[in-house]
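> A predicted structure for the sequence below; I have some questions about it.
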Amino acid sequence: MVEKDSWIFDGNYGGTIDIRLKKADAIIFLDIPRTICVYRVIKRWIQYRNRTRPDMGEGCEERISIGFLKWVWEYPQSQKPMILKKLASYSNKKEIIVLHSPSEVEQFLNKVEEHVQGSL
């Protein structure tokens, strides 16, 4: 997939992070507080329980587990330091954007939309 001319990856799968970072032109890291992340996991589970979310493949019903909630809660200590270290190693070679809150994400998306509209 990373050999195509353009692509967008999302997610936190660590097994391919080095491949994705190496091939990416720009990297956007969502550093959202864990309380918001856990809240959104639970909200999404309630909203789509026993159904397939629109952004998921057919038959992939929304699930939640204590293990997953624990992983989300512990992410700032267990995963984030490694991610930030990897991002730092690319800071002179790639555009890296770190967004820390939902409002920063919204502002960023608005700027992207304005840029796209301005170039049409």
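That came in fine, so what should we check first?
> Where does the prediction get shaky in the protein?
Across the chain, the ranges flagged by pLDDT under 70 are 1-2.
> got the residue ranges for the strands in the chain?
Using DSSP state E, the strands of the chain run over 26-30, 95-99.
> Turn those strands into JSON lines, columns for distance to Lys70 and mean neighbour count.
In short, each C-beta sits where N, CA and C put it, glycine included. As requested, the strands of the chain are arranged in JSON lines below (distance: least, CB to CB, whole Å; neighbours: other CB atoms under 10 Å):
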{"stretch": "strand 26-30", "distance to Lys70": "20", "mean neighbour count": "14"}
{"stretch": "strand 95-99", "distance to Lys70": "24", "mean neighbour count": "13"}
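> now the ones you listed in JSON lines, with distance to Arg51?
JSON lines is the format used below for the strands of the chain (distance: least, CB to CB, whole Å):
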{"stretch": "strand 26-30", "distance to Arg51": "25"}
{"stretch": "strand 95-99", "distance to Arg51": "29"}
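> Please name whichever of these is nearest to Gly57.
Closest to Gly57 of the strands of the chain, according to CB to CB: strand 26-30, at 22.3 Å.
> What distance do you get for Ile8 to Pro81?
Here Ile8 is placed at a distance of 25 Å from Pro81 (CB to CB, to the nearest Å).
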